[in-house]
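[1] have a look; sequence and predicted model below, questions after that.
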Amino acid sequence: MADEIRAEMVANVGKVVTTPGATVAEGDTLVILESMKMAVPVQAGTGGTVARLAVHEGDTVHEGDLIAVIDRA
């Protein structure tokens, strides 16, 4: 089973904290989005392995855009 992590707002990807293949726990930060001079961490909703990372630093995401896919542990 896999969980898709999607953007909740229009923002720039300020920092990518994880990499594909990394093991993450629920609540771990995957990327940090920047919007309106605020840093907004995007966190894993479940533990598992990062199967896909769909963004790079400097990208712009829109509401609903895929950020990452996590295969559940």
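    That came through fine.
[2] and Asp65, how far from Asp59?
    According to C-beta to C-beta, to the nearest Å, Asp65 and Asp59 sit 9 Å apart. Quick note: C-beta positions are derived from backbone N, CA and C, even for glycine.
[3] neighbours of Ala39, how many?
    When neighbours are defined as other C-beta atoms under 10 Å, Ala39 has 11 of them.
[4] distance between the ends of stretch 9-21?
    Using C-alpha to C-alpha, to the nearest Å, the end-to-end distance of stretch 9-21 comes out at 26 Å.
[5] cool, stretch 48-67 as well?
    Distance between the two ends of stretch 48-67: 15 Å, counting by C-alpha to C-alpha.
[6] so for that stretch, mean pLDDT?
    Mean per-residue pLDDT for stretch 48-67: 98.
[7] quick one: distance of that stretch to the chain centre.
    5 Å (C-alpha atoms, centre = their mean, to the nearest Å).
[8] for it, buried residues please.
    Buried residues in stretch 48-67, counting neighbours by 16 or more other C-beta atoms under 10 Å, are found at Gly48, Val50, Leu53, Ala54, Val55, Asp59, Val61, Ile67.
[9] check stretch 19-30 too.
    By 16+ other C-beta under 10 Å, the buried positions in stretch 19-30 come out as Val24, Asp28, Leu30.
[10] for the first one, give me its contacts.
    Neighbouring residues of Val24 by C-beta atoms under 8 Å, 6 or more residues apart in numbering: Thr18, Leu30, Ala44, Gly47, Gly48, Thr49, Val50, Ile70.
[11] beta-bridge partners for it, please?
    Gly48 (DSSP bridges).
[12] ok, the residue nearest to Gly27 when sequence neighbours are not counted - how many residues close by?
    Here the nearest residue to Gly27 in space, its sequence neighbours aside, is Gln43; by C-beta to C-beta, 6 or more residues apart in numbering that works out to 5.3 Å. Counted with other C-beta under 10 Å, the neighbours of Gln43 add up to 15.
[13] re the thing from before, in the buried residues of stretch 48-67, find the pair that's most separated.
    Pairwise distances across those (C-beta to C-beta) peak at 22.8 Å, for the pair Gly48 and Asp59.
[14] all set, thanks.
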